[in-house]
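Chemist: return a 3D structure for these sequence lines:
(one chain, ligands or ions: 1)
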Amino acid sequence: MRFEIVTIFPGFFAGIFENGILRRALAEELVTVGLHDLRVFTHDRHRTVDDRPFGGGEGMVLKAEPLAEALASLGIGPKAVSEKCQGTTSVVPPMPQNDAGALAPEGEPLAQRPTVILLSAQGQRFTQAVARELSRIDRVVLICGRYEGVDERINQLYCDMELSIGDYVLSGGELAAAVVMDATMRLIPGVLGNEASGEFESFGVTDAEITSDTQGVPRSQHGAGGLLDYPHYTRPAEFGGLRAPEVLMNGDHHEIRRWRRKQQLRKTLANRPDLLEGAALSAEDRLLLESIKQEEC
Ligand code: SAM
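Modeler: I've put the predicted structure just below:
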């Protein structure tokens with residue numbers, strides 16, 4: 001997979017790729033990243049990338065021309081133009097979607113085409129599900145806005161989606177791009193040391209969708225199926241006057257699995273009750289939820 005980042009602050013990303021999983025993914029060339037300084041695509045003495053907004057108002061707006069040139073340098077033209085000129089093999093074909101509006105059916109690779117994303121507080125919310133879909137795309141272009149944002153015509157002409165990393169306003173798209181890259185890269189096969197880690201975690205897939213091989217070992221985890229993760233403990237068994245739950249130390253994988261599921265439900269109910277609505281809950285989950293609610297009364 002390759003990420004292309006268009007930014008006025010390429011230096012922002014210096015430290016991000018030098019640690020942990022991302023460093024390894026790059027070193028092993030499971031992922032490559034191209035950093036593109038927007039100012040390179042300006043033609044005036046001051047390397048101007050912004051201008052005042054039409055209609056007045058606060059702040060400045062990132063100009064369309066340098067962004068269009070940056071995208072052209074990556075072989076990306078305006079969607080309508082490339083569709084018109086190149087028929088079905090356009091540089092930026094429309095996003096492939098299934099009936100449910102997903103980018104492609106689960107498990108199937110997406111078309112070999114760059115997906116152009118504008119980071120924006122006005123975008124659709126970036127979620128683990130979106131990260132899973134992006135991780136199946138070969139080449140993703142991330143446009144980092146600044147100031148009041150990007151001239152909307154760049155969004156209209158070039159972008160396949162606008163992504164927001166949350167309901168707050170950042171001063172630039174760079175942090176958002178780093179978040180999108182981190183969450184997406186770790187889902188690329190081979191990037192995590194233990195493939196199963198990406199399946200058994202908050203917002204993860206359902207049990208039915210888990211692909212990692214348990215090799216005859218009884219599984220002590222559930223797929224989150226849209227819930228939050230359960231709490232984790234490690235040695236020492238006693239810390240700060242608190243003992244790690246006995247159930248985790250008795251080796252009964254069935255019991256551990258049941259306990260962990262209950263904790264997943266408990267945490268989700270406490271911290272993100274909104275997630276319960278869309279979660280894949282079994283009849284047993286619903287009983288566990290009821291018992292949690294009663295315990296808390
Ligand atoms: N005027 C914009 C608004 O109210 O929606 C905010 C612009 S913000 C100061 C500058 C840039 O930061 C945006 O163009 C975008 O690239 C990035 N940004 C800000 N918040 C973001 C978020 N929640 N998710 C993704 N990108 C964000």
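Chemist: ok, the residue in the stretch 151-297 of the chain that the ligand sits nearest to to Arg261 distance?
Modeler: Across the stretch 151-297 of the chain, the shortest distance to the ligand (CB to the nearest ligand atom) belongs to Gly173, at 2.9 Å. Bear in mind the C-beta positions are built from the backbone N, C-alpha and C, glycine included. Using CB to CB, to the nearest Å, Gly173 is found at 38 Å from Arg261.
Chemist: more neighbours, the two?
Modeler: Gly173 (30 against 21; other CB atoms under 10 Å).
Chemist: in this structure, where's the longest strand?
Modeler: In the chain, taking DSSP state E as the definition, the longest strand is strand 114-125.
Chemist: up against the ligand, what does this protein have?
Modeler: 119-122, 144-146, 148-150, 164-166, 168-173, 176 (CB under 6 Å from any ligand atom).
Chemist: give me the buried subset of those residues.
Modeler: With burial judged by 16 or more other CB atoms under 10 Å, the buried subset of the residues of the chain next to the ligand is 119-121, 144-146, 149-150, 164-165, 170, 172-173, 176.
Chemist: ranges for the helices of the chain?
Modeler: 20-27, 64-73, 79-86, 128-134, 152-158, 173-185, 253-271, 273-278, 283-295 (DSSP state H).
Chemist: ranking these by burial, who's on top?
Modeler: Ranked by mean neighbour count under mean count of other CB atoms under 10 Å, these are led by helix 173-185, which reaches a mean of 22.
Chemist: and that helix, what does it pack onto?
Modeler: Judged by 3 or more CB pairs under 8 Å, 6 or more residues apart in numbering; DSSP states H and E, the packing partners of helix 173-185 are strand 2-7, helix 20-27, strand 114-125, helix 128-134, strand 139-143, strand 161-164.
Chemist: may I have the second one as PDB, with CA atoms only?
Modeler: Written as PDB, here are the backbone C-alpha positions of helix 20-27 (Å, rounded to 0.1, in the frame of the first residue of the first chain):
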ATOM      1  CA  GLY A  20       7.100   1.200  16.500                       C
ATOM      2  CA  ILE A  21       4.800  -0.600  14.100                       C
ATOM      3  CA  LEU A  22       4.900   2.200  11.400                       C
ATOM      4  CA  ARG A  23       8.700   2.200  11.300                       C
ATOM      5  CA  ARG A  24       8.700  -1.600  10.800                       C
ATOM      6  CA  ALA A  25       6.000  -1.400   8.200                       C
ATOM      7  CA  LEU A  26       8.000   1.100   6.200                       C
ATOM      8  CA  ALA A  27      11.300  -0.700   6.700                       C
END
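Chemist: other SSEs contacting it?
Modeler: The helices and strands touching helix 20-27, judged by 3+ CB pairs under 8 Å, 6+ apart, are helix 173-185.
Chemist: repeat for the third one
Modeler: Under the contact criterion of 3+ CB pairs under 8 Å, 6+ apart, strand 114-125 touches strand 139-143, helix 152-158, strand 161-164, helix 173-185.
Chemist: now the last one: average pLDDT?
Modeler: Same thing as helix 173-185. Helix 173-185 shows a mean pLDDT of 97.
Chemist: now it and strand 114-125, what's the angle there?
Modeler: Between helix 173-185 and strand 114-125, the angle comes out at 110 degrees (axes from the mean of the first three to the mean of the last three CA atoms, to 10 degrees).
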